[in-house]
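**Q** I'd like to go over a predicted model; first the sequence, then the structure.
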Amino acid sequence: MTAQAPTAAPHMLRLDGVTVRFGTPGTAPALDAVDLDVAAHEIVCVLGPSGSGKSTLLRVVAGLQHADEGTVLLEGRDQAAIPTHRRGVGLMFQDHQLFPQRDVAGNVAFGLRMRRTSSADQERTVTELLDLVGLPGAQRRAVASLSGGEQQRVALARALAPSPRLLMLDEPLGQLDRGLRERLVVELRRLFRELGTTVLAVTHDQGEAFALADRVVVMRDGRIAQSGTPLEVWQRPATAFVARFLGFDNVVEATVQGEAAATPWGKVPVLAGTPDGPCRLLVRPAGVRLTSAADGLPCTVEARTFRGTHVALLLQPSGGPQMEAACPLHEAPETGDRVGISFAAEDVVVLDAAAD
Ligand SMILES: Nc1ncnc2c1ncn2[C@@H]1O[C@H](COP(=O)(O)OP(=O)(O)OP(=O)(O)O)[C@@H](O)[C@H]1O
């Protein structure tokens, strides 16, 4: 038997050079030649600051927004001429907009009624979905009697009921308190895995995106700044923008030569194989190691913040800008203490010098 070449994973969704402009020509586009692939069964979370184009991206895929340039393909088919209700995508928005006059079952069955599914099939699907989202037997409850988290689950069951080939979520857990969000995100991931749902979600909340996604996409000014697994993006932010967006502030100009880089903090080790030349460096807080005051770069502890698993220290080195260090709980010095620091090469990330 001859070996077969592996076939590429089928793409559920492909955006090819999608551009959306609002208002007068000359203003920056809301989406600027965006290319994005989402594989079948993949969970992709789009992250980015306010105004970076996240909602516009979802709207263009849903057919709620016209693309000025480029194509949106679902399972290989150009969607340009296909209206929203024929695209086979499910949408769940932040303000989950349940119908207050209908009970839970009436809400969940909405998409099925639109498709003229038989009452028996509607009833069976509603029962299955309410079990899945953890609200068994809630069919006859009034929407107003549900908590925020329960309403969110009903909205999710409603979006899932017509078995959309792609489910799109816009800030799905936006209005819930943190504890509930953290629990629901775990449940959502399990549920999507179980159903094999392909998901494109948009969120402000990094924690939510990193917990939910197989892949995160970070947007900036209508473009994709980085795309990768949560671990890749977290460990290796590609640019200073992504690093800062993720909350890493230890970013400095540097010049690499061999296995060290010259920085305003002095020599910082870099991994072998790093190309020589000017760049920006991120030193992850975990890579700032405390030594005795006599060794390493002398610093004063300006502030310390308890973070549960560690203490975040704000350090003022004798030269160069302030930096953050993550310190084990029992080893954290006091504000005003003098310490020395060294750097761990595995937590030093060389950023793309061309992008800011
Ligand atoms: N209908 C519209 N008319 C004009 N400009 C718009 C319209 N919708 C969005 N924009 C602009 O397009 C850009 C991207 O907006 P979008 O809502 O996609 O960003 P976002 O990343 O989802 O932001 P947020 O996180 O605040 O929801 C912004 O500059 C916004 O002001």
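**A** Nice, thanks for sending it over. Numbers count the residues shown, from 1 in each chain.

**Q** I'd assumed residue 18 was in contact with residue 67.
**A** Yes. Contact criterion Cβ atoms under 8 Å: residue 67 and residue 18 qualify, at 4.9 Å. No exception for glycine: its C-beta is placed from N, CA and C like everyone else's.

**Q** any shared contact partners between those two?
**A** The contact sets of residue 67 and residue 18 overlap at 31, 60 (Cβ atoms under 8 Å, 6 or more residues apart in numbering).

**Q** Compare those two and say which is more crowded by neighbours.
**A** Remark: of residue 67 and residue 18, residue 18 carries more neighbours, 26 against 23, as counted by other Cβ atoms under 10 Å.

**Q** so what's the more buried one bridging to?
**A** Listed by DSSP bridges, the beta-bridge partners for residue 18 are residue 34.

**Q** roughly how far apart are it and residue 291?
**A** According to Cβ to Cβ, to the nearest Å, residue 18 and residue 291 sit 51 Å apart.

**Q** pLDDT score for the residue of the stretch 101-250 of the chain found nearest the ligand?
**A** Closest contact between the stretch 101-250 of the chain and the ligand, by Cβ to the nearest ligand atom, is at residue 204 (5.8 Å). Residue 204 is assigned a predicted lDDT (pLDDT) of 83.

**Q** Hmm, it is touching residue 171, no?
**A** Yes. With contact defined as Cβ under 8 Å, residue 204 reaches residue 171; the gap is 6.7 Å.

**Q** And the two? Which one has more around it.
**A** More crowded of residue 204 and residue 171, by other Cβ under 10 Å: residue 171, with 18 against 13.

**Q** contacting residues for that one?
**A** The contact partners of residue 171, taken as Cβ under 8 Å, 6+ apart, are 93-94, 202-204.

**Q** For the stretch 151-300 of the chain, which segments count as strands?
**A** All strands of the stretch 151-300 of the chain, identified by DSSP state E, counting those that start in this stretch, fall at 166-170, 199-202, 215-220, 223-228, 251-257, 260-263, 266-269, 277-283, 288-291, 297-306.

**Q** Take those and lay them out in a markdown table including mean neighbour count.
**A** Shown next, in a markdown table, are these (neighbours: other Cβ atoms under 10 Å):
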| stretch | mean neighbour count |
| --- | --- |
| strand 166-170 | 23 |
| strand 199-202 | 26 |
| strand 215-220 | 24 |
| strand 223-228 | 20 |
| strand 251-257 | 18 |
| strand 260-263 | 20 |
| strand 266-269 | 17 |
| strand 277-283 | 20 |
| strand 288-291 | 19 |
| strand 297-306 | 17 |
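
**Q** can you list these in a markdown table and add distance to residue 54?
**A** As requested, the strands of the stretch 151-300 of the chain are arranged in a markdown table below (distance: least, Cβ to Cβ, whole Å):
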| stretch | distance to residue 54 |
| --- | --- |
| strand 166-170 | 8 |
| strand 199-202 | 4 |
| strand 215-220 | 6 |
| strand 223-228 | 11 |
| strand 251-257 | 24 |
| strand 260-263 | 34 |
| strand 266-269 | 34 |
| strand 277-283 | 24 |
| strand 288-291 | 32 |
| strand 297-306 | 29 |
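
**Q** rewinding a little: for the residue of the stretch 101-250 of the chain closest to the ligand, list the residues it contacts.
**A** 47, 50, 171, 174.

**Q** Next, the contact list for the first one, please.
**A** Think residue 47. 54, 203-204, 206, 209, 216-219, 245.

**Q** pLDDT wise, what is it at?
**A** 94.

**Q** okay, and for the chain, where does confidence drop off?
**A** Residue ranges of the chain with pLDDT under 70: 1-10, 94-96, 175, 354-356.

**Q** which residue is nearest the centroid of it?
**A** residue 209 (3.5 Å; Cα atoms, centre = their mean).

**Q** list the contacts for that one?
**A** 45-47, 201, 203, 216, 230.

**Q** Disregarding residues adjacent in the polypeptide, which is nearest to it?
**A** Once flanking residues are discounted, residue 209 sits nearest to residue 45: 3.8 Å by Cβ to Cβ, 6 or more residues apart in numbering.
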